[in-house]
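Enquirer: I'll drop the sequence and a predicted model, then ask my questions.
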Amino acid sequence: MSGAREAAGGGRIVEVSPERLSGWFDRFAERNGGIDGTTATDTEVVVTARNGTTATATVPFPPLEGSGPPTIRLAIQAKRPRRIGLVLVRLGAHSIGIAEGGKVLVSRTDRHHVHGRSAAGGWSQQRFARRREGQARQALKDAADDIFEVLVPRAGELAGVLLGGDRRALDELRSDRRLEPVFSLAAQRVLDVSEPRRAVLDDAARRAREVAIVIRDGVSPATGTQITGQ
């Protein structure tokens, strides 16, 4: 299980491997006074504890399939073998790959020098900014070309695509019509990653199998104080 990090809108996010998912929900129930209810949609499973703490799990490669208890269906779905595209991009570096079972099968990684911001003023600063913009454009073009060469021909093999890195750079790549077969498969989840390198791609392949769960603490109806869940 990956370490917890802050979630947008409050709470914290943990990433849990498919093999540990059932046990994680069992421990969540034990630590929070039992389960009050569970609801499911095509895209998420929400477990509410008796102390009001909630665990909202994002369904991997929705819709959620099968019948029976939602958390069991979620675990079964997460364990299914899949071939997944990986696109990790930050300014000046990218790592592209295809993974299955948490292992990278095909990859391409590259980095380009992009100047940092200059503190100088006047014409010098403007020239520096133009040079930096040109370097950034070239880096994104190279990333787009690698996505086109590595992933587009294999898009039909992919169950989905997991993105990571800088959202602005990813949005610019998304506007490249050549890459539509890849970005049409992209999950909403975007991994927060360091500078894309092959080791970072390997870690993303492992994380691609994990289920992201947002935990939000309950509030005591008697006192109005927050209850810290686990």
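Expert: Perfect, I can see it now. Numbers count the residues shown, from 1 in each chain.

Enquirer: point out where the chain drops to low pLDDT.
Expert: Applying pLDDT under 70 to the chain flags residues 1-2, 113-132, 134-135, 219-230.

Enquirer: could you count how many residues lie near the residue nearest to Ala40 when sequence neighbours are not counted?
Expert: Of all residues not flanking Ala40 in the chain, Pro70 sits nearest, at 3.7 Å (CB to CB, 6 or more residues apart in numbering). In this view, the C-beta of every residue, glycine as well, is placed from N, C-alpha and C. Number of residues near Pro70 (other CB atoms under 10 Å) recorded here: 21.

Enquirer: show me what contacts Pro70?
Expert: Thr38, Thr39, Ala40, Val45, Leu64 (CB atoms under 8 Å, 6 or more residues apart in numbering).

Enquirer: go again using 7 Å as the cut-off
Expert: By CB atoms under 7 Å, 6 or more residues apart in numbering, the contact list for Pro70 reads Thr38, Ala40, Val45.

Enquirer: separation between the first one and Ala155?
Expert: When you say that, I think you mean Thr38. 35 Å (CB to CB, to the nearest Å).

Enquirer: what about Leu162, which helix or strand?
Expert: Per DSSP states H and E, Leu162 falls inside strand 160-165.

Enquirer: residues making contact with stretch 47-55?
Expert: 25, 28-29, 32-38, 46, 71, 213, 215-219, 227, 229.

Enquirer: if we use 6 Å, what do you get?
Expert: Contact with stretch 47-55 is made by 28, 32-34, 36-38, 213, 215-219, 227, 229, as judged by CB atoms under 6 Å, 6 or more residues apart in numbering.

Enquirer: what subset of the residues you listed is buried?
Expert: Phe28, Asn32, Asp36, Ile213, Ile215, Arg216, Asp217, Gly218, Gly229 (16 or more other CB atoms under 10 Å).

Enquirer: any chance of these in a markdown table with distance to Ala144 and secondary structure as columns?
Expert: Shown next, in a markdown table, are the buried ones among the contacts of stretch 47-55 (distance: CB to CB, whole Å; DSSP: H, G, I helix; E, B strand; the rest coil):
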| residue | distance to Ala144 | secondary structure |
| --- | --- | --- |
| Phe28 | 41 | helix |
| Asn32 | 46 | coil |
| Asp36 | 48 | strand |
| Ile213 | 33 | strand |
| Ile215 | 37 | strand |
| Arg216 | 38 | strand |
| Asp217 | 42 | coil |
| Gly218 | 45 | strand |
| Gly229 | 43 | coil |
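
Enquirer: quick one, phi/psi of Thr48?
Expert: Phi and psi for Thr48, reported as degrees, to the nearest 10, are phi -110, psi 120.

Enquirer: please name the bridge partners of it.
Expert: Counting by DSSP bridges, Thr48 is bridged to Gly37, Thr54.

Enquirer: run a quick neighbour tally on it.
Expert: For Thr48, using other CB under 10 Å, the count is 18.

Enquirer: gap between stretch 69-84 and the chain center?
Expert: Counting by CA atoms, centre = their mean, to the nearest Å, stretch 69-84 is centred 16 Å from the centre of its parent chain.

Enquirer: so Val14 is in contact with Ile213, correct?
Expert: Yes: Val14 lies in contact with Ile213 (CB atoms under 6 Å); the separation is 5.3 Å.
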